[in-house]
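Asker: attaching a predicted model along with its sequence, questions to come.
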Amino acid sequence: MHFQQKKNFLWTIRGAFFVLLFLLVSCTGIPTQEEAPGPQETSTQEDPPSEEQLAPGRGEETAEVPGQEPGQAETEEDLKAMDEWCPSWSPDGSRIIFIRSSGPVGSTQGERKKEIWIADLKTEKQRRLASLNSEPKYLYRSSDLIWSSDGKFLVYQDEGGPKGNAIYRIEMEKLTRTELATQTDLLSSPSLSSDNSSLLIAKSDGVYLLDLETGEEQRKIEGKGIHDMVWGKEEKEIFFTQANGTDFEGEGEDLLIMDLESQEVKKLASYQLHIQSLTYLKEIDRLFYVIVDRGRGDQITALLDPRKTEITQLSPGIVEGHSLSQDGKLLIQAEYPQGAAPGENRRGIDLFLIDLSDVAKVTRTNLTNSKGTGEIRPSFSPDGKRIAFQVLAEQGKELWVMNADGTEQTRLLSQEEFPNFFWCPPSWSPDSQLLASGANQGGNDDLLILDTQGKVVKNISQEFSIVKE
């Protein structure tokens with residue numbers, strides 16, 4: 001056969017082959033790339049890591065992440081049964097971490113799965129970081145979700161997982177998760193050093209210092225029943241609480257300090273109640289803490305001079321939320337009327353500004369002094385110039401903001417717009433210009449970003465796309 005004839009013959013055969021292939025695809029219904037079911041993800045440099053990257057564990061160890069996949073609600077009703085709350089901004093203000101709960105419509109919060117999510121404000125995308133086993137109440141304390149000061153990683157604790165209680169670290173660049181410590185019983189209260197190099201962890205047999213670079217642990221304090229702890233002056237001392245019952249399971253706790261150089265331990269105070277929210281105020285060399293009656297729910301704030309072992313009670317009665325300025329010189333707290341029990345006469349709660357700068361003479365100023373409403377869960381702006389807070393109005397709850405001296409009180413969200421409410425205090429952006437807060441819309445708590453005039457800048461829950469793992 002002539003060369004040109006051979007060539008034509010081959011092209012005829014090839015054309016017939018593609019015709020047959022087209023007919024086969026059409027008859028069998030195999031979808032082409034354009035017809036493939038499901039959303040098509042656009043590949044960018046910011047594509048999320050694989051599930052393998054998110055698997056926890058030391059070194060090469062991997063473990064199944066409990067819970068469902070992000071955005072796994074299978075029906076429209078399931079999607080409506082999602083709540084977002086307890087936001088926390090990254091140090092540079094580019095991201096927000098928050099808690100999401102989800103489950104069937106009509107389910108209670110206790111029945112829903114809980115997850116830590118992250119929203120990127122630049123790309124307007126959100127994705128899951130980890131599933132949680134803890135009850136939500138464990139996530140309300142600042143010690144439970146810890147940003148490193150440079151924003152490069154997040155440390156959090158979880159309770160009741162496959163390995164018992166655990167503390168994890170998530171790297172923000174690649175969103176990889178590493179298990180730092182695990183224990184079947186007590187494991188709580190991580191405290192990060194100022195240079196982000198080490199972590200204090202309370203275990204059942206004492207306090208350990210974990211080197212985040214090498215992974216090495218060193219026990220610094222031996223003893224049972226140790227719970228909350230915080231670094232002290234120049235990080236050469238540790239404040240901690242310890243159960244004072246003979247079985248270390250009693251209702252009372254002692255407040256102690258340990259000098260890391262001399263290894264000397266000194267008892268500073270003893271209570272028949274619990275102690276939490278330890279905060280060292282380095283500008284005035286004082287320790288702030290909250291005394292809690294877990295049975296009644298009472299909370300009383302106090303300030304301690306660790307050098308003279310002098311204690312100043314900062315609230316004459318019980319409080320429902322407090323916030324310290326970044327320099328530790330100002331405290332805003334929501335105080336019940338004297339003699340009131342928790343949950344009693346909540347509309348009589350006022351916000352008091354307490355000046356701690358002159359430790360010899362602590363001053364108190366009632367900033368709200370309102371009648372018929374109660375002001376709770378205050379939050380200082382990072383620059384110390386404003387205070388956001390929640391108001392118990394006649395028909396519901398509201399979000400307000402005011403200057404630190406109590407002037408220019410402005411309502412941001414009203415009870416008509418959001419008939420239910422948010423569980424956590426509002427969270428300020430690092431530049432003090434924006435607020436992140438949960439707000440109820442149509443039965444779901446959405447996560448909103450607002451300016452200080454009440455304008456909703458973004459609804460993260462509804463406007464940010466979900467990136468699947």
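Answerer: On my side now, so go ahead.
Asker: so what pLDDT did residue 141 get?
Answerer: If you check residue 141, the pLDDT there is 50.
Asker: now do the phi/psi pair for residue 368.
Answerer: Torsion angles at residue 368 (phi, psi; degrees, to the nearest 10) stand at phi -110, psi -50.
Asker: that one: what's it in contact with?
Answerer: Taking CB atoms under 8 Å, 6 or more residues apart in numbering as the criterion, residue 368 is in contact with 350, 351, 375, 406, 409. Where C-beta positions appear, they are placed from N, C-alpha and C, glycine not excepted.
Asker: all helices for the chain, in order.
Answerer: When secondary structure is read from DSSP state H, the chain shows helices at 3-28, 51-54, 76-80, 460-463.
Asker: and the ones you listed, which one is worst for confidence?
Answerer: For these, the stretch scoring lowest in mean pLDDT is helix 51-54; its value is a mean of 33.
Asker: returning to that earlier point: just the contacts of residue 368 now: which is nearest residue 152?
Answerer: Lowest distance from residue 152 to those (CB to CB) belongs to residue 351, with 35.2 Å.
Asker: how much space separates that closest one from residue 375?
Answerer: Computed with CB to CB, to the nearest Å, the distance linking residue 351 and residue 375 is 5 Å.
Asker: anything in contact with each of those two?
Answerer: Looking at what touches both residue 351 and residue 375 (by CB under 8 Å, 6+ apart), the common residues are 334, 368, 389.
Asker: report pLDDT for the second one.
Answerer: Per-residue confidence (pLDDT) for residue 368: 95.
Asker: the last one too?
Answerer: Residue 389 is assigned a predicted lDDT (pLDDT) of 95.
Asker: how close does it get to residue 319?
Answerer: 13 Å.
Asker: now list whatever residues contact both of the two.
Answerer: Counting by CB under 8 Å, 6+ apart, the residues touching both residue 389 and residue 319 are residue 334.
Asker: tell me which residues touch the spatially most central residue of the chain, please.
Answerer: Geometric centre of the chain, nearest residue: residue 145, 4.3 Å, by CA atoms, centre = their mean. Taking CB under 8 Å, 6+ apart as the criterion, residue 145 is in contact with 86, 88, 97, 116, 139, 154, 156.
Asker: likewise for residue 356?
Answerer: For residue 356, the residues meeting the contact criterion (CB under 8 Å, 6+ apart) are 281, 284, 286, 303, 328, 329, 330, 331, 362.
Asker: gap between the fifth one and residue 307?
Answerer: In this structure, residue 328 lies at 16 Å from residue 307, with CB to CB as the measure.
Asker: more crowded one of these two?
Answerer: Neighbours around residue 328 and residue 307, counted as other CB atoms under 10 Å, are more numerous at residue 328. The numbers are 18 against 10.
Asker: quick one: that one and residue 214, what's the gap?
Answerer: Taking CB to CB as the criterion, residue 328 is separated from residue 214 by 32 Å.
Asker: equivalent analysis for residue 350, please.
Answerer: Distance from residue 350 to residue 214, counting by CB to CB: 50 Å.
Asker: same drill for those two, tell me which one is more crowded.
Answerer: Comparing residue 350 with residue 214 by other CB under 10 Å, the one with more neighbours is residue 350, at 19 against 9.
Asker: I'd say that one and residue 334 touch.
Answerer: Yes. Counting by CB atoms under 8 Å, a contact exists between residue 350 and residue 334, whose distance comes to 7.4 Å.
Asker: list residues touching both of the two?
Answerer: Once CB under 8 Å, 6+ apart is applied, the residues that residue 350 and residue 334 both contact turn out to be 374, 375.
Asker: so where's this structure shaky on pLDDT?
Answerer: Along the chain, the parts satisfying pLDDT under 70 run over 1-81, 107-110, 135-143, 246-250, 294-297, 415-423, 441-443, 469.
Asker: are any of the contacts of residue 356 buried, and if so which?
Answerer: 281, 284, 286, 303, 328, 329, 330, 331 (16 or more other CB atoms under 10 Å).
Asker: in TSV, list those along with distance to residue 233.
Answerer: Formatted as TSV, the buried ones among the contacts of residue 356 follow (distance: CB to CB, whole Å):
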residue	distance to residue 233
281	10
284	11
286	10
303	15
328	13
329	17
330	21
331	20
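Asker: closest to residue 174 out of those?
Answerer: The nearest member of the buried ones among the contacts of residue 356 to residue 174, counting by CB to CB, is residue 328 at 34.5 Å.
Asker: ok, now how distant is that closest one from residue 460?
Answerer: Per CB to CB, residue 328 is found 31 Å from residue 460.
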